[in-house]
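Participant: need a 3D model of the sequence below.
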Amino acid sequence: MNVAIFETEHYEGSYPMIRLFDTGNNNITIFTNEICHRQFQFLFGNDMGRYTWVIQSKNQTKYDFIYFLGKEVRKRNIDLLWLNTVSNNHIVYASMLASLGNVRTVLTIHDINGYFTFVPALSFRRFVRYIGKRRLLRRISEFNVVGNAMVDHLKKKLPEGKKVYNIPGCIFEPENYVKNELGAGKAINIVVPGSIDIRRRDYFQVFELLDHINSRSINAQITLLGGPSKDYSTAIMTECVEYAEDHDNLIFFENEIVDQPLFDKTMNEAHFIFLPSMHQTVLFDGVTEIYGESICSGNIFDVIKHARPVIVPAFLKVPPELESSTLRISSVKEICDLLMSTNYEEISRRALANSENFTAKKLRLKYPELFQL
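Facilitator: Now for the predicted structure:
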């Protein structure tokens, strides 16, 4: 089968799709841009040559690249086109797909409500985006969501009979697992992964946690593992700089992108992952998304990939396979007690066992009709 995967934003989320289709029976072409291609090189290493790469040139606009994608899909006789992230130009994608005939198409929807809800405003562009999303939905054969709880939410909104897959934004590769023990006198490493974006995570909980750690003289440090998000990180970055003037237990990055090798190294050094997730958020055009229902925290995939125990708010839905290595809190002040009382060796063992539910082999077996086993 000739498979094309389109991704110009969430390279880490399309890595598993590429690996899953790499069964030895498929020819895989990836359409991407230079920024993502650089990170793919880190992720795939010597395996880059297993795939065909089509990279958006510097003089190609996003509009041009979308139509170029359509031409290449026809030229290369692509059987399945997987659109892994579509966050703009929806009406252009819909127009491009209309020219593909019977090519099988799958769209990963990251924020469900935004495709079905229109919040009126004095904005012509908002109206065009909504119309574009509706047209795109009509052109798609099948859908994918990255969170298990999102499946039913999307099915309720789609015409009856539409196929919805649940392929998470990661796979667990046991050969890459790095065990990190927590011995006496060793600092507890807590990592908050993801770009710094106040729409997605409540970073003031991080500073509250630091206050509790300091007041109780706990040997722990926190790493904010992601670059600042444009327009949504200024206050937090200012707080980080001011805090670092008097403390040495907060690590953060000022570059927009943390390269994959450093990201993975930091995650491998983590003992716990902390997800101070928002419950509800507005990402685009005034539409409210609910974490664990219409949108999924991408940090869940870091938990799976690196097999680490995770600390989450009580309301946040996680895959049931991860529940036994998930520590739920009602308030930030509970975290210090959990850090001191949890049997780390035991919960770390459970985290590893839980991540083994997300290997490429098991995910392929879940959807044999997709991966043609």
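Participant: where do the strands sit along the stretch 51-200 of the chain?
Facilitator: 52-55, 80-83, 104-108, 142-145, 164-166, 188-193 (DSSP state E, counting those that start in this stretch).
Participant: tabulate those strands (CSV), appending mean pLDDT and mean neighbour count.
Facilitator: For glycine as for every other residue, the C-beta is placed from the backbone atoms N, C-alpha and C. Output for those, formatted as CSV (pLDDT from 0 to 100; neighbours: other CB atoms under 10 Å):
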stretch, mean pLDDT, mean neighbour count
strand 52-55, 98, 16
strand 80-83, 98, 23
strand 104-108, 97, 21
strand 142-145, 97, 22
strand 164-166, 97, 18
strand 188-193, 97, 22
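Participant: list the helices and strands whichever strand or helix holds Ile273 packs on?
Facilitator: Assigned by DSSP states H and E, Ile273 belongs to strand 272-274. Strand 272-274 sits against strand 188-193, helix 299-306, strand 310-313, with contacts defined as 3 or more CB pairs under 8 Å, 6 or more residues apart in numbering; DSSP states H and E.
Participant: format those as JSON lines; extra columns: distance to Phe21.
Facilitator: Supplementary listing: the helices and strands packed on strand 272-274 in JSON lines, determined by distance: least, CB to CB, whole Å:
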{"stretch": "strand 188-193", "distance to Phe21": "26"}
{"stretch": "helix 299-306", "distance to Phe21": "18"}
{"stretch": "strand 310-313", "distance to Phe21": "28"}
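Participant: nearest to Cys36, of those?
Facilitator: Checking the helices and strands packed on strand 272-274 against Cys36 by CB to CB gives helix 299-306 as the closest, at 16.3 Å.
Participant: packing partners of that closest one?
Facilitator: Counting by 3+ CB pairs under 8 Å, 6+ apart, helix 299-306 packs on strand 188-193, helix 260-268, strand 272-274, helix 344-355.
Participant: next SSE after the third one?
Facilitator: Spelled out, that is strand 272-274. Following strand 272-274 in sequence, per DSSP H and E, is strand 280-282.
Participant: got phi/psi on the most centrally placed residue in the chain?
Facilitator: Nearest to the geometric centre of the chain sits Gly298, at 3.1 Å (CA atoms, centre = their mean). When read as degrees, to the nearest 10, the backbone of Gly298 gives phi -60, psi -20.
Participant: so it touches Gly169, yeah?
Facilitator: Yes. Between Gly298 and Gly169 there is a contact under CB atoms under 8 Å: 5.9 Å.
Participant: could you report the pLDDT at Gly24?
Facilitator: According to the prediction, Gly24 has pLDDT 92.
Participant: hang on, it in a helix?
Facilitator: No. Counting by DSSP: H, G, I helix; E, B strand; the rest coil, Gly24 falls outside a helix, being coil.
Participant: next, give phi and psi for it.
Facilitator: Dihedral angles (degrees, to the nearest 10) for Gly24: phi 100, psi -10.
Participant: kindly report the same for Gly101.
Facilitator: Dihedral pair for Gly101: phi 70, psi -120, per degrees, to the nearest 10.
Participant: around it, how many other residues sit close by?
Facilitator: Neighbourhood size, Gly101 [other CB atoms under 10 Å]: 8.
Participant: before we move on, the earlier item: between the helices and strands packed on strand 272-274, which one is closest to Gly13.
Facilitator: helix 299-306 (7.2 Å).
Participant: average pLDDT for that closest one, rounded please.
Facilitator: Across helix 299-306, the average pLDDT comes to 95.
Participant: begin at 8 from now on, thanks
Facilitator: Yes, from this point I'll number from 8; that puts the last item at helix 306-313.
Participant: quick revisit: go through the helices and strands packed on strand 279-281 and name the closest to Arg142.
Facilitator: Using CB to CB, the helices and strands packed on strand 279-281 put helix 306-313 closest to Arg142, at 29.5 Å.
Participant: and the angle for that closest one with helix 267-275?
Facilitator: With axes from the mean of the first three to the mean of the last three CA atoms, to 10 degrees defining the directions, helix 306-313 sits at 80 degrees from helix 267-275.
Participant: okay, now Phe38: neighbour count?
Facilitator: Phe38 has 24 nearby residues by other CB under 10 Å.
Participant: with Tyr239 instead?
Facilitator: By the measure other CB under 10 Å, the count of residues near Tyr239 is 15.
Participant: do the one 5 residues further on as well
Facilitator: A count of nearby residues for Met244, using other CB under 10 Å, gives 18.
Participant: Three-state assignment for it, please.
Facilitator: Three-state assignment for Met244 (three-state DSSP): helix.
Participant: residues contacting it?
Facilitator: Listed by CB atoms under 8 Å, 6 or more residues apart in numbering, the contact partners of Met244 are 203, 235, 259, 261.
Participant: can you check Phe125 too?
Facilitator: The contact partners of Phe125, taken as CB under 8 Å, 6+ apart, are 133-134, 137, 292.
Participant: ok, it to Asn361 distance?
Facilitator: 39 Å (CB to CB, to the nearest Å).
Participant: identify the single longest helix in this protein, thanks.
Facilitator: For the chain, the longest helix by residue count, based on DSSP state H, is helix 131-146.
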